[in-house]
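Novice: fold the following for me, if possible:
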Amino acid sequence: MSTAIGLAQFWLLAALGFAAIVSLLTPIAQRLMRERLIRLPPALRHRIYLLWSMAPLGLGLAVASLLLVPSALAGLGWVEDHCHAHDHVHLCLLHPPTPSGDALGLTVLGVFGSLVLLHAAGLLGTVRRARRIRRVLQSGVAGEDRNGVVQTRHPSLVALTIGFWRPRVYVSHALLKSLSPAQRTVLLAHEHAHAHRRDGLWGLLAQTLSLLHLPHARRRILSELHLAAEEACDAEAAAQCGDGLRVAETILAVARRMQAGTTAEPLAMPALTGSSVERRVHALLTPAATVRISRWKLGTLALLLLIALAAGLEPLHHTVESLLTHWFV
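Specialist: Predicted coordinates:
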């Protein structure tokens, strides 16, 4: 039992080390890639930023898990077991290490545990706020149309898609009455796109798994993720209405009404104007770049990555074990 705990301890320390490397490289990558990413179609950009939000934690756990592969292959008799030739911590399923009481290692794990708890508390607050807003809007429901749009009598100008797995669209009468029929069509198409894409769920997932990014880089990634989601919904609304200019005009019209409106209730934040209006209008009026990647190129890239992984896994395994021994034993 103690050796299993020791293996888990050093495996997690290795994962946090790889996550730290990815976190430190992220601000540099942001400066190099931001302008190129802006030119991509918003749906593709959203997927890239979603994966990027998970990169430190996901890659850290994935690479640390790959370090256990040599011992798994040795257990199957496919490769030779090299543990007996080295006197250091072993990230090995066959010869797991004993737990370490090293102060630095325990401090790193303690800080990580505290970060997880604080992050969980923040996410719980986000979920509670979404539920509170839903209860407030639900208390003034005037009806629900055949398309699943819940109309509320709340005095604020509200257009929100709330929910993670089964999102619902809430729109206030005050906002609907202030728009023309064409603008209402755009508004509802935009919100239905949010519900169809489950942007609330993906946003919560990105918030959850991005905790190991540096704070400033994390805020920028989550902001770009949110903006990409809004632009993707704008594009879907434009495709449905057949006119990107009409969507742009609707965004500006709602933004003007929001600026002119006054309310004490912090619900006046419709998703249609929930992010950079200028960039979204520009995206609607500027054709997005067409990105096409052939399957054979993807296959070739995957093959090269597998070859590089197979060639570098054993040296990487040995290097990580040596560093763990140096720093935490």
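
Novice: okay, now the residue lying closest to Cys92 once chain neighbours are set aside: neighbour count?
Specialist: Excluding its sequence neighbours, the residue lying closest to Cys92 (CB to CB, 6 or more residues apart in numbering) is Ser71, at 4.0 Å. The C-beta positions use only the backbone N, C-alpha and C, and glycine is treated the same way. Around Ser71 there are 22 other residues, counting by other CB atoms under 10 Å.

Novice: immediately after the helix or strand containing Ser71, which helix or strand?
Specialist: Per DSSP states H and E: Ser71 is located in helix 69-75. Per DSSP H and E, helix 69-75 leads on to helix 103-139 as the next helix or strand towards the C-terminus.

Novice: how far does that following helix sit from the chain's center?
Specialist: Relative to its parent chain, helix 103-139 has a centroid offset of 15 Å by CA atoms, centre = their mean, to the nearest Å.

Novice: in contact with the spatially most central residue of the chain, which residues?
Specialist: The residue lying closest to the centre of the chain (CA atoms, centre = their mean) is Ala206, at 2.5 Å. Contacts for Ala206 were tallied using CB atoms under 8 Å, 6 or more residues apart in numbering; they are 49-50, 53-54, 221-222, 225.

Novice: please redo it, this time with the cut-off set to 10 Å
Specialist: The contact partners of Ala206, taken as CB atoms under 10 Å, 6 or more residues apart in numbering, are 46, 49-54, 218, 221-222, 225-226, 229.

Novice: same check on Leu123?
Specialist: 204, 207-208, 211.

Novice: for Ile5, give its distance to Leu12.
Specialist: Remark: distance between Ile5 and Leu12 (CB to CB, to the nearest Å) = 11 Å.

Novice: looking at these two, which is more packed in?
Specialist: Between Ile5 and Leu12, counted using other CB under 10 Å, Leu12 has the larger neighbour count: 17 against 13.

Novice: if I look at the more buried one, how far off is Pro99?
Specialist: 12 Å.

Novice: who touches both of these two?
Specialist: Joint contacts of Leu12 and Pro99 (CB under 10 Å, 6+ apart) are Gly105.

Novice: now the one helix or strand Leu227 maps to: how far from the chain's centre is it?
Specialist: Using DSSP H and E, the element containing Leu227 is helix 215-241. How far helix 215-241 lies from its chain's middle: 12 Å, per CA atoms, centre = their mean.

Novice: in it, what's buried?
Specialist: 217-218, 220-222, 224-238, 240-241 (16 or more other CB atoms under 10 Å).

Novice: for it, packing partners?
Specialist: Judged by 3 or more CB pairs under 10 Å, 6 or more residues apart in numbering; DSSP states H and E, helix 215-241 is in contact with helix 2-38, helix 42-53, helix 55-66, helix 181-197, helix 199-209, helix 244-260, helix 277-285.

Novice: if we go to 6 Å?
Specialist: When contacts are defined as 3 or more CB pairs under 6 Å, 6 or more residues apart in numbering; DSSP states H and E, helix 215-241 packs onto helix 42-53, helix 181-197, helix 244-260, helix 277-285.
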